[in-house]
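Colleague: This is a predicted model, with the sequence first.
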Amino acid sequence: MAKTRLILPVVVFAQFCCTSLWFAGNGVMNELMFSFELQPAALGHLTSAVQFGFITGCLGFAFMGIADRFSPSKVFFYSAIFGAFINLGILWDNNSSASLMLFRFLTGFSLAGIYPVGMKLASDYFKDGLGRSLGFLVGALVLGTAFPHLLNATGGAQNLHWKNVIFTTSILAVLGGFLILLLVKDGPYRKPMLNRNFSVIFQVFKIQKFRAAAFGYFGHMWELYAFWAFVPVVLGAYEILQPPVGFNIPLLSFLIIGSGGLACVAGGFISQSRGTKFTATAALFLSGTCCLLSPFVFLQPSSTILVLFLLFWGMLVVADSPLFSTLIAENAPSEARGTALTQVNCIGFALSILSIQLTSFLFEVLPPAYPLLFLVAGPVLGMLALFRKSRLVSRFSTEKV
């Protein structure tokens, strides 16, 4: 078992390794579409399949109380091995759009035992400074999500073969799973759920402080994954609009999405001095502002301004994620924390499916400058929920459940 001071780095690195499965398909989407003769709508469908699999897994894990009744380290390990194996299904030469969607669905299912369970592990070890710890953890998720784009950008014009990208992400997932199994045992603040309690799924939402943070998180999730999924589409559309521009789209996609990892860590430190609610609300407000500005930036002629704007947006769009997770974890009963985190993730990702499908449809019927504008609904509704519960949210750090 790793010493306590090494636990967080181990969990963070393992989270990075395993969450590289998330966008493994998106990172090689153009190659998949060419190899299997997929339609343009496949981007939205395959991305949504992962999200739907994640939701299904979260529902099952929450309903059964898996993360609270069993060792989180073992749950993480078995989920990582399963996800790595299923991810390799993309390599099957006879894949169709239906089989690819099935493999991506099952990959998403496995991630339900990785992402929220990783947060559960962190909350079981770090009672103080949880926001900073989750900042590192969500930062690892962001970098893991972006990593397949970087793999695909390797070698410039001679990109790493797409099958090697899939194989590499599976190897990383296996590595992450074994790191958790061998080095991270149950944390000192873990209180196992001794008996299965189905009612906890509903009871946590009766806690007003928990509910306020959860609805802020839901607004954030409406924007996040749709933005990540369509960053390459925006860059490609801008190349068509401005023919002299020659983007390295995989590399830029990695930088834009991956920049959010640094923002998550920075947000965790800022929240220690400015407060978790203030920091989360500021990030949500600024990312919503980026939604509103997106048509104007897309239509202007400078590719440098566009890239800098997307980098800025890429940081803000996810900076509030660990902060909302911190508020949720702090205000859920300790014996049901894993279930609470899992079910909130489930609802948030369900909303992300709707926003991805809506954005995919809007890219088909509107000029490419405008679809991302409609993501502003998430930040607006999230901030309304936070301000409506402002007195409750402001007491999050001082009241106990």
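Modeller: Yep, it's here. These numbers were taken from a predicted model, which means no experiment stands behind them.
Colleague: I'd like to know how many residues surround R388.
Modeller: Per other CB atoms under 10 Å, the neighbour tally for R388 reads 12. No exception for glycine: its C-beta is placed from N, CA and C like everyone else's.
Colleague: which one is it nearest to, not counting chain neighbours?
Modeller: Leaving aside its sequence neighbours, R388 sits nearest to A212 (CB to CB, 6 or more residues apart in numbering; 7.9 Å).
Colleague: shouldn't that neighbour be in contact with L386?
Modeller: Yes - counting by CB atoms under 8 Å, A212 does reach L386; the two are 6.6 Å apart.
Colleague: what comes up buried for the host helix or strand of the residue nearest to R388?
Modeller: Counting by DSSP states H and E, the element that carries A212 is helix 208-241. Applying a neighbour-count criterion of 16 or more other CB atoms under 10 Å, one finds 209-235, 237-238 buried in helix 208-241.
Colleague: following it, which helix or strand comes up?
Modeller: For helix 208-241, the succeeding helix or strand toward the C-terminus, using DSSP H and E, is helix 249-274.
Colleague: Just want the angle from that following helix to helix 208-241.
Modeller: Angle, helix 249-274 to helix 208-241, by axes from the mean of the first three to the mean of the last three CA atoms, to 10 degrees: 150 degrees.
Colleague: Pull out the CA atoms of whichever helix or strand comes after helix 249-274 and give them to me as PDB.
Modeller: Sequence-wise, the next helix or strand downstream of helix 249-274 (DSSP H and E) is helix 276-299. Extracted in PDB, the C-alpha atoms of helix 276-299 (Å, rounded to 0.1, in the frame of the first residue of the first chain):
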ATOM      1  CA  THR A 276     -16.000  27.000  -3.400                       C
ATOM      2  CA  LYS A 277     -19.300  28.600  -4.300                       C
ATOM      3  CA  PHE A 278     -17.800  31.800  -5.500                       C
ATOM      4  CA  THR A 279     -15.100  30.000  -7.600                       C
ATOM      5  CA  ALA A 280     -17.600  27.600  -9.200                       C
ATOM      6  CA  THR A 281     -20.100  30.300 -10.000                       C
ATOM      7  CA  ALA A 282     -17.500  32.600 -11.500                       C
ATOM      8  CA  ALA A 283     -16.300  29.700 -13.800                       C
ATOM      9  CA  LEU A 284     -19.900  28.900 -14.800                       C
ATOM     10  CA  PHE A 285     -20.600  32.500 -15.600                       C
ATOM     11  CA  LEU A 286     -17.500  33.000 -17.700                       C
ATOM     12  CA  SER A 287     -18.000  29.800 -19.700                       C
ATOM     13  CA  GLY A 288     -21.600  30.900 -20.300                       C
ATOM     14  CA  THR A 289     -20.300  34.200 -21.600                       C
ATOM     15  CA  CYS A 290     -18.000  32.200 -24.000                       C
ATOM     16  CA  CYS A 291     -21.200  30.500 -25.400                       C
ATOM     17  CA  LEU A 292     -22.700  33.900 -26.100                       C
ATOM     18  CA  LEU A 293     -19.500  35.200 -27.800                       C
ATOM     19  CA  SER A 294     -18.800  32.100 -29.800                       C
ATOM     20  CA  PRO A 295     -20.600  33.200 -33.100                       C
ATOM     21  CA  PHE A 296     -18.700  36.500 -33.100                       C
ATOM     22  CA  VAL A 297     -15.300  34.800 -32.600                       C
ATOM     23  CA  PHE A 298     -16.000  32.200 -35.200                       C
ATOM     24  CA  LEU A 299     -16.900  34.700 -37.900                       C
END
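Colleague: From the chain's centroid, how far away is whichever helix or strand comes after helix 276-299?
Modeller: Next in sequence after helix 276-299, counting helices and strands by DSSP H and E, comes helix 303-319. Computed by CA atoms, centre = their mean, to the nearest Å, the chain-centroid distance of helix 303-319 equals 17 Å.
Colleague: tell me which strands and helices helix 303-319 is in contact with?
Modeller: Counting contacts by 3 or more CB pairs under 8 Å, 6 or more residues apart in numbering; DSSP states H and E, helix 303-319 is packed against helix 208-241, helix 249-274, helix 276-299.
Colleague: Check what contacts that helix and list those residues.
Modeller: Contacts to helix 303-319, defined as CB atoms under 8 Å, 6 or more residues apart in numbering, come from residues 138, 142, 223-224, 227-228, 231, 234-235, 238, 242, 245, 247, 252, 255-260, 262-264, 266-267, 279, 283, 286-287, 290, 293-294, 297-298, 300.
Colleague: Between helix 249-274 and that helix, find me the angle.
Modeller: 50 degrees.
Colleague: Give the rounded mean pLDDT of the following helix or strand past helix 303-319.
Modeller: Next along the chain after helix 303-319, taking DSSP H and E as the criterion, comes helix 321-330. For helix 321-330, mean pLDDT rounds to 84.
Colleague: And stretch 255-272, by the same measure?
Modeller: pLDDT averaged over stretch 255-272 gives 91.
Colleague: which outside residues touch it?
Modeller: 23, 129, 131-136, 138-143, 145-147, 149-150, 228, 231, 278-280, 283, 307, 310-311, 313-323, 326.
Colleague: Pull out the buried members of those.
Modeller: Among the contacts of stretch 255-272, those classed as buried by 16+ other CB under 10 Å are 23, 131-136, 138-143, 145-147, 149-150, 228, 231, 279-280, 283, 307, 310-311, 313-323, 326.
Colleague: Could I get the pLDDT score of F202?
Modeller: 66.
Colleague: That should have said R388, apologies.
Modeller: Reading off the model, R388 has pLDDT 70.
Colleague: hang on, Q51 packs against I356?
Modeller: Yes - if you go by CB under 8 Å, Q51 and I356 touch, sitting 6.9 Å apart.
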